[in-house]
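J.: Okay, structure incoming, though there's no sequence with it:
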């Protein structure tokens, strides 16, 4: 109904539609919080659920997702300020007020993300680590603060460097036009607080690219391919488990049969082997029983819908390829044409896309029919969230080669959830930067146009247009301020994107040739010790 009403309104009343954008964003806020809570509850270990880690994870994830879901509102706030000919339909003061409101919300969200990533989440992690009946609440708080101080110090160092960078003015940039010089001067207009926060967020994003390159890139390939290939057939696994169980029992019986006469004491070697076989027998028996019980009920329903899941997998892998191709095309565009604007000295800012980018074109067209672009970008955001989560589930929460935690439904300890939350937060934060690569025209100017008196016709807004005729989005301004003032961040983002694409291609090969996952999940209650089994 709202979309139909939107199509019916005239340019004179279009300026009032910004209220609809904020109403939709308000609904998204509630939906994101509810979604994050359900996701966290689904993976939380039912026996170890604690309010502090749970709600810390929920709020941390929600803040990061909202920073990306704010982007379509940001774009609409500037796109709806013009008519189809590029003429302003609101006053310059109202446009400035809109931009300032969006900017303030961005910086509030980014500041909150910094606080959670380096303060609240580490505190909750170490607070829970001290959970014991003999430990008082004061001791838990002290433990949480003691181990978090170092991370908070890192944040203050980032903010301090950002403060220092405010007083270090960027040198002259090699630009080709007067309009480009004016845009660069505009990117240099930044306050002390904005300089500090933007530098800290850029540092956090560099760290986040580790998760973006590993978990997100691999998840974009592994998630749809795992749906296409499915898991091992339950009947085959039950048969294999039963065969292994029978073989284990036969070996145990053979050892026991040597000592049936009772005249000979069992050797230490045979006793150790018998204990090992008994433990293995208990594990196999429990896994067989559990798998047979799961072969009924919802598993039968899953088997019935399996052909449709195959089709979903095909759609998802095509969607993943579309996302990666769009990112790749923009990076190629930057490599070929960014030097026409300023090149590496401005962090590979692209003045305007010259290579066709399917997602960029689609989102730019849909931005004229808000909230259709919100729906598509929202789908991309949620898809990237789920693929990153799938990457974490496949790879596990690791430090280099050390597997710290496995993320499993109803079996993930609070510490594992908190660390997974940090990975997701950092990866989704990268999407704030990558949105200008995924859809540069859409992210910078939306559907804005400006009237060129020379050609006597409206033209698409870009960095070759006069700054007074076009209004860049706050997300575009934020990313470009980082790239212009500290171009090494832009260079890192540019080359990290190439690594992301390569990792995605490698992930496709690995996911296709990797053995199908088992339906049997190892559990802590399978035996007292799984060592040697």
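T.: Structure received. What you see is a predicted model, and the numbers here were worked out from it, not measured in a lab.
J.: What is the burial count for residue 81?
T.: The number of residues packed near residue 81 is 23, by other C-beta atoms under 10 Å. Where you see a C-beta, it was placed from the backbone N, CA and C, and this is true even at glycine.
J.: Correction: the previous question concerned residue 476.
T.: 26.
J.: In contact with it, which residues?
T.: Contact partners of residue 476, counting by C-beta atoms under 8 Å, 6 or more residues apart in numbering, are 436, 443-445.
J.: can you do 6 Å?
T.: 443-444 (C-beta atoms under 6 Å, 6 or more residues apart in numbering).
J.: Now it. Its backbone dihedrals?
T.: In terms of degrees, to the nearest 10, the main-chain angles of residue 476 are phi -60, psi -40.
J.: I'd like the distance between it and residue 355.
T.: Distance of residue 476 to residue 355, given as C-beta to C-beta, to the nearest Å: 19 Å.
J.: Kindly report the same for residue 318.
T.: 20 Å.
J.: The two - which one has more neighbours?
T.: residue 355 (15 against 11).
J.: in a strand, that's where the more buried one is, yeah?
T.: No. Read with DSSP: H, G, I helix; E, B strand; the rest coil, residue 355 is coil and lies in no strand.
J.: Just give me the longest helix of this structure.
T.: helix 298-337 (DSSP state H).
J.: distance between that one and the chain's centre?
T.: In terms of C-alpha atoms, centre = their mean, to the nearest Å, the centre of helix 298-337 is found 16 Å from the chain centre.
J.: Buried ones in whichever strand or helix holds residue 511, by neighbour count?
T.: Using DSSP states H and E, the element containing residue 511 is helix 487-513. Buried residues in helix 487-513, counted by 16 or more other C-beta atoms under 10 Å: 487, 489-494, 496-497, 500-501, 503-504, 507-508, 511.
J.: Tell me the one of these nearest residue 329?
T.: residue 501 (10.4 Å; C-beta to C-beta).
J.: Not counting sequence-adjacent ones, nearest residue to residue 435?
T.: residue 443 (4.8 Å; C-beta to C-beta, 6 or more residues apart in numbering).
J.: The one you found and residue 437 touch, don't they?
T.: No. Taking contacts as C-beta atoms under 6 Å, residue 443 lies outside contact range of residue 437: 8.6 Å.
J.: how far off helix 487-513 does the strand or helix carrying residue 475 point, in degrees?
T.: If you go by DSSP H and E, residue 475 is part of helix 474-485. Interaxial angle, helix 474-485 versus helix 487-513 (axes from the mean of the first three to the mean of the last three C-alpha atoms, to 10 degrees): 120 degrees.
J.: what distance separates helix 474-485 from the centre of its chain?
T.: What separates the centre of helix 474-485 from the centre of its chain is 20 Å, taken as C-alpha atoms, centre = their mean.
J.: Enumerate every residue touching the residue nearest to residue 435.
T.: 435-436, 476.
J.: cutoff 7 Å now
T.: With contacts taken as C-beta atoms under 7 Å, 6 or more residues apart in numbering, residue 443 has the following neighbours: 435-436, 473, 475-476.
J.: Find the centremost residue of this protein, please.
T.: Nearest residue to the geometric centre of the chain (C-alpha atoms, centre = their mean): residue 428, 3.1 Å.
J.: OK, contacts around it?
T.: 64-65, 68, 385.
J.: CSV for these, including pLDDT, secondary structure and neighbour count?
T.: Shown next, in CSV, are the contacts of residue 428 (pLDDT from 0 to 100; DSSP: H, G, I helix; E, B strand; the rest coil; neighbours: other C-beta atoms under 10 Å):
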residue, pLDDT, secondary structure, neighbour count
64, 93, helix, 29
65, 94, helix, 26
68, 93, helix, 24
385, 94, helix, 23
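J.: closest to residue 468 among the residues you listed?
T.: Closest to residue 468, out of all of these and judged by C-beta to C-beta, is residue 68, at 29.5 Å.
J.: is it true that that closest one touches residue 434?
T.: No. Residue 68 lies out of contact with residue 434 (C-beta atoms under 7 Å); the separation is 10.0 Å.
J.: what residue ranges in the stretch 51-200 of the chain score low on pLDDT?
T.: Applying pLDDT under 70 to the stretch 51-200 of the chain flags residues 86, 130-137, 139-140, 143-144, 165-176.
J.: go on, the stretch 251-400 of the chain?
T.: 259-264, 270, 284, 287-307.
J.: if I pick residue 444, what's in contact with it?
T.: Residue 444 touches 436, 472-473, 476, counting by C-beta under 7 Å, 6+ apart.
J.: likewise residue 449?
T.: Residue 449 sits in contact with 82, 86, 458-461, where contact means C-beta under 7 Å, 6+ apart.
J.: With residue 227 instead?
T.: Contacts of residue 227 (C-beta under 7 Å, 6+ apart): 309, 312-313, 316.
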